[in-house]
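Colleague: The sequence and its predicted three-dimensional model are supplied below.
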Amino acid sequence: MGVSLPGGGGGGGRTRSLSADLNLVPFIDFLSVCITFLLLTAVWTQISAMQVDQAVQDPNQEPPPPPDEPPTPPLTVHIRSDGIWAGREVASGTEFPKTGEDYDWVGLQGMLEGDRTTYPDEIDAVIVTDDGVEYQYMIHALDLTRSQGYEKTLLGGGPPSVAADLAPPPPAGG
Amino acid sequence: MPIKLPKRRPAFAPLNRLRSGSFAGGKKGLMLSLNLTAMVDMFTVIVIFLLQQFASSGELLFLQKNLKLPDAHEAEELTDRGPVVTLFENKVLWEGKAVANLEELDEADPGIPPLIEKLEAVREREQKLYGKKENEPFKSHVVIQADKATDFQLVRKTIYSVNQAGWVHINFAVVGVGTGAEGEEGAAEGEEG
């Protein structure tokens, strides 16, 4: 759409159009170069990380004085091939058996929430994974504990075990 | 007004460059003016989309083909580039080159000797480079990039080797997922399971 104004110079009725065609070719060239550069440098998979510090105590620092009261044992999550056990003591822990091929992550999450309410200041967690268990389940357990505020995690593992290995000894005469 | 029979009429104004007249014969011109506006619009949208995707930090890890990292909601952005240990198909790869295989490793040995050697060498080199003392805590990170289906036995041996070589900070490479819809979806899946 052009705009016409009367021509200057007082000549006759000539009008000069002010509309001009924009040369789009260099603009398209520039955009093509931008697209090529951005496509080549694009990062399609954003990799993140979960950091775990395996050092419990700095060797250069003096050891902390012994506490007046016995410390609360850390929360332990034991991932086995047949289920998950979680708790602070063997007698009071909770067993989450595997249902089919899936672990009971919802049950574990509920247990962690309850433990967090009972021990709001405890941020230590130990994740023990048996040999033969897939690595992704350890990461899932680590993710769950982090989401509940257990910021310090210690990882461990060992040969495969079953639920009976962790069961508390039956009471005498029972 | 008398009724007249309809005659042939052009549907649009004649293009001078194409034809001299509406119904005149003549040669068709081979030059057509391309409407560039739509193309420029499309290019602009693509450039904006790619600029939003652009990450100045670049790709810190090179992923092996077919290696699938586990997902995690509580993951943080990987910013430190340390030595990368890859665990894939029961093999231990150091910076992309295989150094050990799970089947060949001694079950009684909790560590992986070739990996310990390499990690110790890197730690000593960095400590010399930055003038650190032997007993100062080493603050660099080692990145463990393992396939989600890796046997934990291999991961355990790797963690032990990393500790034996004097490294304490371990970054497990994962694919970070949001806490919104994905989290609800994951919980729903868990309930179904």
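Modeller: That came through, no problem.
Colleague: A:Asp21 in helix, strand or coil?
Modeller: coil (DSSP: H, G, I helix; E, B strand; the rest coil).
Colleague: Next, it: phi, psi?
Modeller: phi -80, psi 130 (degrees, to the nearest 10).
Colleague: for the one 3 residues further on, same thing?
Modeller: A:Leu24 has phi and psi values of phi -90, psi -10 when expressed as degrees, to the nearest 10.
Colleague: ditto for A:Pro26
Modeller: According to degrees, to the nearest 10, A:Pro26 has phi -60, psi -30.
Colleague: swap in A:Val33?
Modeller: Dihedral angles of A:Val33 (phi, psi; degrees, to the nearest 10) stand at phi -60, psi -40.
Colleague: Any idea how many residues pack against it?
Modeller: 10 (other Cβ atoms under 10 Å in any protein chain shown). Using the backbone N, CA and C atoms, a C-beta is placed for each residue, glycine as well.
Colleague: and it, how far is that from chain B?
Modeller: Relative to chain B, A:Val33 is positioned 10 Å away (Cβ to the nearest Cβ, to the nearest Å).
Colleague: List the contacts of that residue.
Modeller: A:Val33 sits next to no residue when contact means Cβ atoms under 8 Å, 6 or more residues apart in numbering or on different chains.
Colleague: residues of stretch A:97-105 that come out buried?
Modeller: By 16 or more other Cβ atoms under 10 Å in any protein chain shown, the buried positions in stretch A:97-105 come out as A:Tyr103, A:Asp104, A:Trp105.
Colleague: Of those, which ones also sit close to chain B?
Modeller: When the buried residues of stretch A:97-105 are filtered against chain B using Cβ under 8 Å from any Cβ of the partner chain, the residues retained are A:Tyr103, A:Asp104, A:Trp105.
Colleague: what separates the last one from A:Arg146, distance-wise?
Modeller: Plainly put, A:Trp105 is 14 Å away from A:Arg146 if you go by Cβ to Cβ, to the nearest Å.
Colleague: again with A:Phe37
Modeller: 37 Å.
Colleague: Compare neighbour counts for these two and give me the winner.
Modeller: A:Arg146 (20 against 13).
Colleague: That one contacts A:Met50, doesn't it?
Modeller: Yes - look at A:Arg146 against A:Met50 with Cβ atoms under 8 Å: they come within range, at 7.2 Å.
Colleague: shared neighbours of those two, anything?
Modeller: B:Glu74.
Colleague: Looking at the buried residues of stretch A:97-105, spot the one nearest A:Ile28.
Modeller: A:Trp105 (52.4 Å; Cβ to Cβ).
Colleague: which regions of the chain lie under the pLDDT threshold?
Modeller: Reading this off chain A. Per-residue confidence for chain A (pLDDT under 70) gives these ranges: A:1-16, A:45, A:55-61, A:162-174.
Colleague: that answer is for a different chain, and I need it for chain B
Modeller: B:1, B:9-29, B:55-61, B:132-137, B:179-193.
Colleague: Name the single longest strand found in it.
Modeller: Ranked by residue count under DSSP state E, the longest strand found in chain B is strand B:169-176.
Colleague: is any part of it close to chain A?
Modeller: Yes - shown here: strand B:169-176 in contact with chain A (Cβ under 8 Å from any Cβ) through B:His169, B:Ile170, B:Asn171, B:Phe172, B:Ala173, B:Val174, B:Val175, B:Gly176.
Colleague: residue contacts, A:Tyr135?
Modeller: B:Pro70, B:Leu87, B:Ala146, B:Asp147, B:Lys148, B:Ala149, B:Thr150, B:Asp151, B:Phe152, B:Val155.
Colleague: Now do the contacts for the first one.
Modeller: When contacts are counted by Cβ under 8 Å, 6+ apart, B:Pro70 touches A:Tyr135, A:Gln136, A:Ile139, A:His140, B:Lys148, B:Val174, B:Val175.
Colleague: do you know how far it is from A:Met50?
Modeller: In terms of Cβ to Cβ, B:Pro70 sits 9 Å off from A:Met50.
Colleague: do the same with A:Thr153
Modeller: 9 Å.
Colleague: so what sits against both of these two?
Modeller: Common neighbours of A:Thr153 and A:Met50 (Cβ under 8 Å, 6+ apart) are A:Leu142, A:Arg146.
Colleague: What residues are bridge-paired with residue 87?
Modeller: Unless you meant another one, I'm taking chain A. A:Thr76 (DSSP bridges).
Colleague: Please refer instead to chain B.
Modeller: B:Val92, B:Ala146.
Colleague: Tell me who's in contact with it.
Modeller: A:Tyr135, B:Leu93, B:Ile144, B:Gln145, B:Ala146, B:Asp147, B:Thr150, B:Leu154, B:Val155, B:Thr158.
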